[in-house]
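Visitor: With the input below, show me the fold.
(2 chains)
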Amino acid sequence: MDTLSLYVQFIISGLTMGAIYAMVGIGFSFIYRVTTVLNFAQGEFLMLGGMVAITMTSVLGLSLIYALILAILAVALTGMLFHLGAIRVLGKAEPVRMILITIAGSMFLQGVAYLIWGTDDYTLPALIKAGTIDIFGASVNSQVIPVFIAAFLISFILKIFFDKTIWGKASTACSESREASMLLGINIDRMGMLSFAMSAGIGAIGGILIAPISLMQYQKGVPLAIKGIAGAVIGGLGNIWGALIGGLIMGLAEALSAGFIASYMTDVVVFVILILVLFIRPEGLLKSKS
Amino acid sequence: MKQSKLCVVAIAIMAIFVCSQSVSAADTVKIGAAYGMTGRIGWIGDDCVNGAKLVIEEINAQGGINGKNLELVVYDTKNNPDSARTIFEKLIKKDKVVAIIGPVITQATQTVMPIAEKYKIPYAAVSGGIQINAKILPDYKKQGKKSYTWAMSIGTPRQNEVKTIWLRQQGFKKLGNIEPLSQMGELSAVTYEQAAQQYGLKVIAQEKFDNKGTDFTTQMSKLKAAGADCIGTMASGGPAVTLVKNRDQVGMQKAPMMVSDANLSKKFIGLLGENTANVYTVGAKISFPQHLDASDPQKKIIADFQKKFETKYGKGPKSWFFASVGYDSALMFVKAIEQVGTDGEKIRDWVEGQSKFQGVQAAYSWSELDHRGIGVDQCSVLGIKGDDWVPAK
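Guide: Purely as a prediction, here's the structure:
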């Protein structure tokens, strides 16, 4: 393996992980943008998406495509219930308490997943049967391609959603001023529920796409959420493209530091970048919308 | 009225309890069992205790030891080091056991060590990570102390030694070592280096990875760039599967990947999916009885044990390995008591002196410097064939 292909491999590994982090970050940023809630249970939506899809295919024997659709719907419903049962009931709470509620929600969902699936790892069959692809001597897992496509496509669709649709404009309004939106007749609770359902669905897509790359297990959500959320903060909270770019930066930083320094340094490097960004550009790389 | 009635009942219950205790203390020899039986890996303790119960029943059916019945006093440590310590104290002081089987995990094994030494009660843990042979026994020998700790699994150093010998036999020269960022990973890296030096393999690259990670192609491609022709790791479960997939992804399918013996299950093979080629681990004879030579006496011993177990419980254990560990732990102490009586120090001395002690897992040879006892000749490197682990040629 020559030097060039080694470096290309590092970058590709980084982008792979980055795209996965971006899937978390996008959902996180989306909810923040609409409700100003920092939802730390976002990682659990990925985990649930993967787990439900796996169960549908292996236990119920559904074909992959039906399993995916059902899993996305099921997790979107979970997101909606989460908003209804926790966020809305305690909705007047100040931000710190809100964060605690979502952390509690994350633990609750993990507990439920533990009861259903136990501590075992599960795997999903490959979505694309292309094996590995060669780029400059570096090998790319073809399973990564759907993750990339999904991350970009979802960012693009959300962009259109926010700019062109009445729902999107209403949700942007919600984030800018709750009171003014209410005066304009926007149902804030319904917008909040919509945002939770949609980003839970986005999370589920992420979970389904990464299940063939890395296995799924009830605790898989938390480490992904930490990196994804850090990415969203780097990119600028509430900015969808920012979450995408931030996630990719996190992944690249991780792979390059593992490649050129040492594996035990990755978390250090990643969080030094986070702190630097917060020092130099507290609003994030792409200016935060709210 | 009600209260006084309650008092009478309570006193009666206590009286019965005290009497039954004093009676049983007189005619029984007690062995303590302190395994973690609840929680995430609680099934391990269940398997061990079920295995151990077979020994106790067998001996009692034959009339016990010198006319005394054997009793197994079982407590659940919940795999918590603190409760393991409390349970050891309770077993020794209150139940007056003469030896203890358990605990399961390395941390608990470390915690109970001083208690066992203080009261001179030998115990047989499962722990694969305790550095009993590598560190504790040599240190104690220098200080003239006696260790009361046994560990009934192959253990990381021996496992890596067996893997290294096999890799050399197969003609591999350059080992790429990739370990989880954990105490176990550190131990594995060190033992690979020692074994490599001893048997003429070269550790050409050392990498670490985070068990929580999703992709290790960066580390894998560094091993490839360093020119590794074989890979060693103590990874288990999900991360081990990801490592194998990443190895195949960067085009190192030809490099055998030596993973932890914790992966000795059909479930692990299922998770690997199509990527089962060139994945190996190490197991003692209990892990591959159907592939033993007909001439090997172990074959019949294991078959008998499995039949006995299935007859008693109506089904097999989750893992034959752990059931056999429980059985052998109880067996070695029972045999010792038969020979030298119930003095803890005499029991440990007797066990330490045994060589080729016939257990179910393997034939153990213990010594002053080996309290695991499973020699290189008692294990084999196992590879995957179909959906099963089979001895690799």
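
Visitor: Would you confirm that residue B:27 contacts residue B:68?
Guide: Yes. Assessed by C-beta atoms under 8 Å, residue B:27 is found in contact with residue B:68 at 5.6 Å. In this view, the C-beta of every residue, glycine as well, is placed from N, C-alpha and C.

Visitor: More neighbours: the two, which one.
Guide: The residue with more neighbours, out of residue B:27 and residue B:68, is residue B:68; 17 against 11, by other C-beta atoms under 10 Å in any protein chain shown.

Visitor: Not counting sequence-adjacent ones, nearest residue to the more buried one?
Guide: residue B:29 (5.1 Å; C-beta to C-beta, 6 or more residues apart in numbering or on different chains).

Visitor: Just after the strand or helix carrying that neighbour, pick out the following helix or strand.
Guide: Taking DSSP states H and E as the criterion, residue B:29 maps to strand B:28-35. Using DSSP H and E, the helix or strand that directly follows strand B:28-35 along the chain is helix B:42-61.

Visitor: Just the buried residues of that following helix, please?
Guide: B:42-56, B:59 (16 or more other C-beta atoms under 10 Å in any protein chain shown).

Visitor: Then stretch B:164-172?
Guide: B:164, B:165, B:166, B:167, B:168, B:172.

Visitor: Now do the same contact list for residue B:237.
Guide: Contact analysis of residue B:237 by C-beta atoms under 8 Å, 6 or more residues apart in numbering or on different chains lists A:121, B:262, B:263, B:268.

Visitor: quick one: the last one and residue B:240 touch, right?
Guide: Yes. Residue B:268 is within contact range of residue B:240, at 7.4 Å (criterion: C-beta under 8 Å).

Visitor: so where do the strands sit in chain B?
Guide: B:28-35, B:69-76, B:99-101, B:123-125, B:149-151, B:174-180, B:202-209, B:230-232, B:257-258, B:279-284, B:357-358, B:363-364, B:379-385, B:388-391 (DSSP state E).

Visitor: er, chain A I mean
Guide: Under DSSP E, chain A gives strands at A:132-135, A:138-141.

Visitor: Just name the most buried of these.
Guide: Using mean count of other C-beta atoms under 10 Å in any protein chain shown, the stretch among the strands of chain A with the largest mean neighbour count is strand A:138-141, at a mean of 23.

Visitor: List the pairing partners of that one within its sheet, with orientation.
Guide: Sheet pairing of strand A:138-141 (DSSP bridges) gives strand A:132-135 (antiparallel).

Visitor: picking that back up, which one of the buried residues of helix B:42-61 is nearest to residue A:131?
Guide: Distance to residue A:131, by C-beta to C-beta, is smallest for residue B:43 among the buried residues of helix B:42-61, at 36.6 Å.

Visitor: any idea how far the closest one lies from residue A:51?
Guide: Residue B:43 sits 21 Å away from residue A:51, going by C-beta to C-beta, to the nearest Å.

Visitor: What of residue B:327?
Guide: Note on residue B:327: its distance to residue A:51, by C-beta to C-beta, is 36 Å.

Visitor: quick check, distance from the strand holding residue B:29 to the centre of its chain.
Guide: On the basis of C-alpha atoms, centre = their mean, to the nearest Å, strand B:28-35 sits 18 Å off its chain's mean C-alpha point.

Visitor: Summarise which helices and strands that strand is packed against.
Guide: helix B:42-61, strand B:69-76, helix B:81-93, strand B:99-101, helix B:320-340 (3 or more C-beta pairs under 8 Å, 6 or more residues apart in numbering or on different chains; DSSP states H and E).

Visitor: again, 10 Å this time
Guide: Judged by 3 or more C-beta pairs under 10 Å, 6 or more residues apart in numbering or on different chains; DSSP states H and E, strand B:28-35 is in contact with helix B:42-61, strand B:69-76, helix B:81-93, strand B:99-101, helix B:106-119, strand B:123-125, helix B:320-340.

Visitor: where in chain A is pLDDT low?
Guide: A:1, A:91-93, A:287-290 (pLDDT under 70).

Visitor: Next to chain A in this structure, residues from the stretch 251-393 of chain B, please.
Guide: Taking C-beta under 10 Å from any C-beta of the partner chain as the contact definition, the stretch 251-393 of chain B meets chain A at B:251, B:252, B:267, B:268, B:270, B:271, B:272, B:273, B:274.

Visitor: hang on, the fifth one packs against residue A:123?
Guide: Put plainly, it is residue B:270. Yes. When contacts are counted by C-beta atoms under 10 Å, residue B:270 is listed as touching residue A:123 (8.0 Å).

Visitor: higher neighbour count, those two?
Guide: Per other C-beta under 10 Å, whichever of residue B:270 and residue A:123 has more neighbours is residue A:123, with 21 against 15.

Visitor: what's the burial count for residue A:89?
Guide: Residue A:89: 11 neighbours (other C-beta under 10 Å).

Visitor: One more: residue B:297?
Guide: The local packing of residue B:297 (other C-beta under 10 Å) involves 11 other residues.

Visitor: swap in residue B:377?
Guide: 11.

Visitor: now residue A:7
Guide: Neighbours of residue A:7 (other C-beta under 10 Å): 16.

Visitor: what sits against the residue nearest to it when sequence neighbours are not counted?
Guide: Closest residue to residue A:7 in three dimensions, ignoring its sequence neighbours and counting by C-beta to C-beta, 6+ apart: residue A:259, at 7.8 Å. Contact analysis of residue A:259 by C-beta atoms under 10 Å, 6 or more residues apart in numbering or on different chains lists A:6-7, A:9-11, A:13-14, A:266, B:217-219, B:221-222, B:225.

Visitor: Can you pull the phi/psi pair for the closest residue to residue A:217 other than its chain neighbours?
Guide: Of all residues not flanking residue A:217 in the chain, residue A:121 sits nearest, at 4.8 Å (C-beta to C-beta, 6+ apart). Backbone torsions of residue A:121, given as degrees, to the nearest 10, read phi -90, psi 150.

Visitor: separation between residue A:121 and residue A:52?
Guide: From residue A:121 to residue A:52 the distance is 16 Å (C-beta to C-beta).

Visitor: Check residue B:354 too.
Guide: 53 Å.

Visitor: Those two: which has the busier surroundings?
Guide: residue A:52 (26 against 18).

Visitor: Can you give me every residue that contacts the residue nearest to the more buried one when sequence neighbours are not counted?
Guide: Nearest-residue entry for residue A:52: residue A:71, 4.1 Å, with adjacent residues in sequence omitted and distances by C-beta to C-beta, 6+ apart. By C-beta under 10 Å, 6+ apart, residue A:71 lies in contact with A:48-57, A:62, A:124, A:201, A:204-205, A:207-208, A:211.

Visitor: Please report the distance of residue A:71 from chain B.
Guide: 19 Å (C-beta to the nearest C-beta, to the nearest Å).

Visitor: ok, how many other residues are close to whichever residue of the stretch 251-393 of chain B sits closest to chain A?
Guide: Using C-beta to the nearest C-beta, the single residue of the stretch 251-393 of chain B nearest to chain A is residue B:271, 5.3 Å away. Each residue near residue B:271 was counted by other C-beta under 10 Å, and the total is 23.

Visitor: Residue B:200 too?
Guide: Residues within reach of residue B:200, counting by other C-beta under 10 Å, total 9.

Visitor: got a list of what residue 277 touches?
Guide: Reading this off chain A. A:230, A:233, A:234, A:235, A:236, A:246, A:249, A:283, A:284, A:285.

Visitor: You answered for a different chain; I wanted chain B.
Guide: Residues counted as contacts of residue B:277 (C-beta under 10 Å, 6+ apart) are B:244, B:248, B:253, B:254, B:256, B:257, B:383, B:384.
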